[in-house]
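[1] build me a model:
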Amino acid sequence: MTMQVLVLSPRVAPGILTLAAWDALRAASVVRASVDDPHVRAIVDSGIAVDAGTGAPTYEPGSVWIAPTGDATWARSVADDLTGPDGQQRQVEVVFGSYDLPGSGLLDVVDVMDRLRRECPWTAGQTHESLARYVLEEAQEVHEALADGDSDHVREELGDLLMQVVFHARIAAESQGWDVDDVAAGIAAKLIRRNPHVFAPETLDHVPTTADEIDAQWQRIKLTERASDPYSHPH
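    Coordinates of the predicted model:
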């Protein structure tokens, strides 16, 4: 029988697993985990017993070991160690029970900022006003990196600029009634509205196909939005 090592993404809600993962858990002779985490608790809540905190994995045919959340390197290392050359025929399979969607790494940034805002005195003391200059500085550094043509530098500076977006949204969440999800939802909705040639071509008498036509369409929609709500700040 095969022993399975189950890898679950920390960026997916606890309990959201693939059918293959649930089948493996239900069929296992025993389910073990080296640490207790939200995924493990969700599995226990589903009615599957989990022996958590049991130390280093040992080879148990028919068992499922739940890797520390998201640690695919740990899972592969365990699989390699347990199938090592000791004269025995062992079968160990790494199973991925949930997957990250593109962009889900942004959740890590939000989580880190939440913790810094709670636990770091400097971060906790910042305001929109005290951070305003950093937005300009980071945008300028992105511009300089683009001019240099260094791709790694551009990636790093975009990360610094992204931090400012998340930082300001985190501050707003405490007293202004909006947060980073509202920021993301707002720009997504705007992009959909301003690009009907992609998202709603059936509503157009003429579907623009050139860059100039698409830009003109954007400007027309922007002016219409501004006329309908003169107190908004469409861009």
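[2] tally of neighbours for Val31?
    Val31 has 22 neighbouring residues, counting by other C-beta atoms under 10 Å. (Glycine included, C-beta is placed from N, CA and C.)
[3] just Ala200 next, same as before
    By other C-beta under 10 Å, 11 other residues sit near Ala200.
[4] same check, this time on Asp114
    Neighbours around Asp114, by other C-beta under 10 Å: 14.
[5] A helix includes it, no?
    Yes - counting by DSSP: H, G, I helix; E, B strand; the rest coil, Asp114 is found in a helix.
[6] how close does the closest residue to Val30 other than its chain neighbours get to Ser175?
    Distance criterion C-beta to C-beta, 6 or more residues apart in numbering; nearest residue to Val30, sequence neighbours excluded, is Ser63 at 4.9 Å. Distance, Ser63 to Ser175, using C-beta to C-beta, to the nearest Å: 50 Å.
[7] looking at the two, which one has more neighbours?
    More crowded of Ser63 and Ser175, by other C-beta under 10 Å: Ser63, with 19 against 7.
[8] my read: the more buried one touches Val5, true?
    No - taking C-beta atoms under 8 Å as the definition, Ser63 is not a contact partner of Val5, at 9.5 Å.
[9] and the host helix or strand of Gly159, what does it pack against?
    In this assignment (DSSP states H and E), Gly159 forms part of helix 151-175. Where contact means 3 or more C-beta pairs under 8 Å, 6 or more residues apart in numbering; DSSP states H and E, helix 151-175 is packed against helix 106-119, helix 128-148, helix 180-194.
[10] which residues does it contact?
    By C-beta atoms under 8 Å, 6 or more residues apart in numbering, the residues outside helix 151-175 that reach it are 106, 109-110, 113-114, 117, 123, 126-128, 131, 134-135, 138-139, 141-142, 144-146, 178-180, 182-183.
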